[in-house]
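In: what follows is a predicted protein model with its sequence.
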Amino acid sequence: MDQVGLYPVLFTSALLFGLGVTGVLTRRNVLIVLMSIELMLNGVNLAFVGFARHLGQVDGHAFAIFVMAVAAAEAAVGLALVLLLFRHKTSVDLETFDLLRG
Amino acid sequence: MFDPGELNFIGPEIAVFVFALLVLVHDVMFKQRNATISMGVSLMGLATAAVLNLLNMQAVDVPREAFAGAMAVDGFGFFLNFIVLLAAAGALLISHDFLRRIDVDVPEFNPLVLFVAFGMMLMGSANDLILLFISLEVMSLGVYVLCGINRGELASAEAALKYFVMGAFASGFLLMGIAFVYGGIGSTRISAVAQWFAIEGNGIAGNPLIGVGVALLLVGFGFKVAAAPFHMWTPDVYQGAPTPVTAFMATGVKAAAFAALSRVLLVALLGQNLEFHTALWLIAAGTILMGNIGALVQDDLKRMLAYSSIGHAGYLLMALVGAPAAGLADNPRLGGILFYLLAYTVMTVGAFAVLSFFTRDGVEDTRISRLGGLADRHPAVALALSICLLSLAGVPPTMGFVGKFYLFAAAIEGGAIGIAVVGAIGGAIGIYYYLRPIVVMYMHPEPADRVELAMNPAALGVLGVATVAVLVFGLVPGSLIEVAQDSLLSLAAWGGV
C-alpha cells in the first residue's frame, strides 16, 4: 500500500476546512452555505482519519463515521429550514432574511 | 468490559429519552391528541429523571468513570442534570397555553424538548470530547427545530435558519479543534488531556497541533455560550424564537454549553497554562461589556434579556478566570458557577413566564412599553416580574445577588482583580436597564391600545415558584451553596487544575 505521510493529509484537510469557512463567510446563497459547512466537516473527517493512521489507532476512523452521521442529520434539518424560509420569501438569498436586525 | 450496572448512571437520561418516545407515540397515534396528557407524561418523564438523578447523587460518593471512560459520573454532572430538568419543566409549562394562543398545534414540541434535555444532560457528564460533540449536536439539532416551530411566522423561521447556520459553523470549529487535540495527544478523553498537560514540559508552546486545536475548541464553545466576539447571533435568535423556546435556550442550552466548557477548562486546560488565562480574560471582559452595553438601548424586553444573557455568560467566564493553578480546592468559591447557573435558570424562566402573557391575536408583542400600567392591573404579576428582574440585576436579597457575590469572590480570590472591576462596571450598567421595565410597570400609564394579558395557571405557577425560590434561596442560600461547591469540587478527581 502506498504510504502517504501525515502532512499532505493535514494540508488537504486544512484546505477543505478553509474553503468551507470562506464559503460560509462570503456566500449569500443559503444552499452554498450549507454545502460549505459540509465541506468543513469533511475536512475534519480527513484530519481524523489522517491522525488515526498516523497514531496507528482505530478510534479516529470511528470518529469520522460519527461525524458523517451528525453531518447527515444536520443537512436534513438545514434543508428543511431552507425550504420553510423559501415558502415565506421565495428566495434562498441570505440578504433577504433581514427581519431581525441588531 | 461492559458492566450493565453502569446503565444506572445514565438512568435519568434513559428516563427522559423513553418518556420522549412515549409522548411521541401518543401524539402521533391519536388524531385528536390530548395536549394535557402529552404535557402530563412529559412532566412525569422529567420528574422520574429527577428522582433517578437524586438516587445516583446519593449512591455515588466518589467520582468515577463509566462506559470505558467516555462518561464522568460526578457531582458536577448531577447538579447540571437538575438545572436542565428544571429548565425543561419551565419551558414545557410556559409553552402549554402559549402554543395554543399562537396557533401552533404540533405533536413534536414536547418530545423535542425532552430529546433536547437528553442531549443537555449527557453533555454535562461527557468525559470524552466525541461524546461531548454528539450530545451537543443532539441538543442543537432539536433546538434549531424548536426555534422554527412557529412555521407561519417569518421571524421564527428566520431565527431558526440563522441559529442553524451559526451553530453548524461553530460545530465545525469545535470538531476541528477536537481532531487536532486528538492528533496531538492520541486520545479524546478530557481526563487524558489533563494528564498530558500535567507532564512536565508539555504545553502549548512547542506543540502547534494542540495550540491550534485548543484555540479552535474555544472558538466553537464561544459561539455556543454566546461569548464575545461570537455573540452576534444571540439577540436575533432569542427575539425571533417563540418565548417558551427562548426561555429554554437562555437557560438550558446556556447551562449545558457552559457546563461542558467549564469541565474542559477546569479539568484539562486551565491550571498550568497561563496563555489560556489571558485569552479567557479578554473574552470574559468583552462578553460582559458587549452584553450589558447592548442591552441598554433595547426597546424590546425579549431582546434586552437576550443581551443580558450575554452579559451573564460574561460573569460566569469571569469566575473561570479566577480558577487557581494549584488545585480546585484552593478556590471553593468557584462553586458559585453552578449556583449561578441554577439561579440564572430560575429567574430567567420566571421573567419569560411573564413575557409569554404578551400576545395579541396570536402574535407576540414584547415591547417594554406594553408593560405600562401593569402594576395597577395585575399587582402580583408586576411584583413577581420585578423580583425576577432585580435578581437578574443582582440586588439583594435575591438568588441572583448571592450567585453574583460568589462569582466575584471566585475571581478576586483567584487574583483576577482586573476582570472583577470590569464585571462591576457591567453590573452597574445592568442595574440601569433592569430597572427600566420596572419603572414602566409602576410609573407609566397603560398603552391606549392595551390587550388583556393571556394569563394561564401553568405559566403563573412557574412564575410563582420561580419568584419564591429566588427569594428563599436569596435569604438562606447556605445549604444550596454547599451542594454547589461540593459538586464543583468533584471535578478535582479528574486531575488538571
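Out: Arrived safely.

In: chain neighbours aside, what residue packs nearest to residue B:335?
Out: Setting aside the residues directly before and after it, residue B:335 is nearest to residue B:485 in space (C-beta to C-beta, 6 or more residues apart in numbering or on different chains), at 3.1 Å. Bear in mind the C-beta positions are built from the backbone N, C-alpha and C, glycine included.

In: where's that neighbour, which helix or strand?
Out: Per DSSP states H and E, residue B:485 falls inside helix B:478-489.

In: give the buried residues for that helix.
Out: B:480-481, B:483-485, B:487-489 (16 or more other C-beta atoms under 10 Å in any protein chain shown).

In: redo the residues you listed as CSV? Include pLDDT.
Out: Converted to CSV, the buried residues of helix B:478-489 look like this (pLDDT from 0 to 100):
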residue, pLDDT
B:480, 92
B:481, 92
B:483, 92
B:484, 92
B:485, 90
B:487, 90
B:488, 89
B:489, 87
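
In: flag every buried residue along the longest helix along chain A.
Out: Taking DSSP state H as the criterion, chain A has its longest helix at helix A:59-89. Using 16+ other C-beta under 10 Å as the test for burial, helix A:59-89 gives A:59-60, A:63-64, A:66-67, A:70-71, A:74-75, A:77-78, A:81-82, A:84-85, A:88.

In: how about stretch B:361-372?
Out: Buried residues in stretch B:361-372 (16+ other C-beta under 10 Å): B:364, B:366-368, B:370-372.

In: quick one: residue B:285 and residue B:419 touch, right?
Out: Yes: in this structure, residue B:285 is within contact of residue B:419 by C-beta atoms under 8 Å, at 6.1 Å.

In: show the model's pLDDT score for the residue nearest to the spatial centre of chain A.
Out: Nearest to the mean C-alpha position of chain A, counting by C-alpha atoms, centre = their mean, stands residue A:38 at 2.3 Å. The score at residue A:38 is 95. That number is its pLDDT.

In: could you measure from it over to residue A:44?
Out: 11 Å (C-beta to C-beta, to the nearest Å).

In: again, but for residue B:184
Out: 15 Å.

In: quick one, which of the two is more surrounded?
Out: Each of residue B:184 and residue A:44 has its neighbours counted (other C-beta atoms under 10 Å in any protein chain shown); residue A:44 has more, 29 against 21.

In: and chain B, is the host helix or strand of the more buried one touching that?
Out: Using DSSP H and E, the element containing residue A:44 is helix A:30-55. Yes: judged by C-beta under 8 Å from any C-beta of the partner chain, helix A:30-55 comes into contact with chain B at A:30, A:33, A:37, A:40-41, A:43-44, A:47-48, A:50-51, A:54-55.

In: nearest to residue B:148, of those residues?
Out: Distance ranking of the residues of helix A:30-55 next to chain B against residue B:148, using C-beta to C-beta, places residue A:30 first at 13.6 Å.

In: wait, isn't the closest one in contact with residue A:84?
Out: No: assessed by C-beta under 8 Å, residue A:30 is found out of contact with residue A:84, at 11.2 Å.

In: shared neighbours of the two, which are they?
Out: residue B:161 (C-beta atoms under 8 Å, 6 or more residues apart in numbering or on different chains).

In: before we move on, the earlier item: please tell me how far the residue nearest to the centre of chain A sits from residue A:67.
Out: 11 Å.

In: what do you get for residue B:353?
Out: Counting by C-beta to C-beta, the gap from residue B:353 to residue A:67 is 39 Å.

In: now do residue B:247
Out: When residue B:247 is compared with residue A:67 (using C-beta to C-beta), they lie 31 Å apart.

In: low-scoring stretches of chain A, by residue?
Out: A:1-2, A:100-102 (pLDDT under 70).

In: the residue in the stretch 201-350 of chain B that chain A sits nearest to: how many residues sit nearby?
Out: Here the stretch 201-350 of chain B gets closest to chain A at one residue, residue B:236, 3.9 Å apart by C-beta to the nearest C-beta. Using other C-beta under 10 Å, residue B:236 has 23 other residues around it.

In: what of residue A:34?
Out: 23.

In: nearest spatial neighbour of it, chain-adjacent residues omitted?
Out: Nearest non-adjacent residue to residue A:34 (C-beta to C-beta, 6+ apart): residue A:78, at 5.1 Å.

In: just checking, that neighbour touches residue B:166?
Out: No: contact criterion C-beta under 8 Å: residue A:78 and residue B:166 do not qualify, at 11.8 Å.

In: residue B:285 and residue B:419: who's more crowded?
Out: residue B:419 (27 against 22).

In: these two touch, right, the more buried one and residue B:281?
Out: Yes: counting by C-beta under 8 Å, residue B:281 is a contact partner of residue B:419 at 5.6 Å.

In: find the residues that touch each one of the two.
Out: residue B:321.

In: quick one: low-confidence ranges for chain B?
Out: B:1, B:271-274, B:325-327, B:496-497.

In: up against chain A, what does it have?
Out: B:130, B:133-134, B:137, B:141, B:144-145, B:148, B:151, B:154-155, B:157-162, B:164-165, B:168-169, B:171-172, B:175-176, B:178-180, B:182-183, B:186-188, B:232, B:235-237, B:239-240, B:294.

In: please repeat the previous calculation with a cut-off of 6 Å.
Out: Contact residues (C-beta under 6 Å from any C-beta of the partner chain) of chain B with chain A: B:130, B:137, B:141, B:144, B:148, B:154-155, B:157-158, B:160-161, B:164-165, B:168-169, B:172, B:175-176, B:179, B:182-183, B:186, B:235-236, B:239-240.

In: mark which of the residues you listed are buried, thanks.
Out: B:130, B:137, B:141, B:144, B:148, B:154-155, B:157-158, B:160-161, B:164-165, B:168-169, B:172, B:175-176, B:179, B:182-183, B:186, B:235-236, B:239-240.

In: so which of those belong to helices?
Out: B:130, B:137, B:141, B:144, B:154-155, B:157-158, B:160-161, B:164-165, B:168-169, B:172, B:175-176, B:179, B:182-183, B:235-236, B:239-240.

In: wait, residue B:315 sits on residue B:408?
Out: No: the criterion here is C-beta atoms under 6 Å, and residue B:315 misses it with residue B:408 at 8.2 Å.

In: looking at the two, which is more packed in?
Out: Between residue B:315 and residue B:408, residue B:315 has the larger neighbour count (other C-beta under 10 Å), namely 28 against 23.
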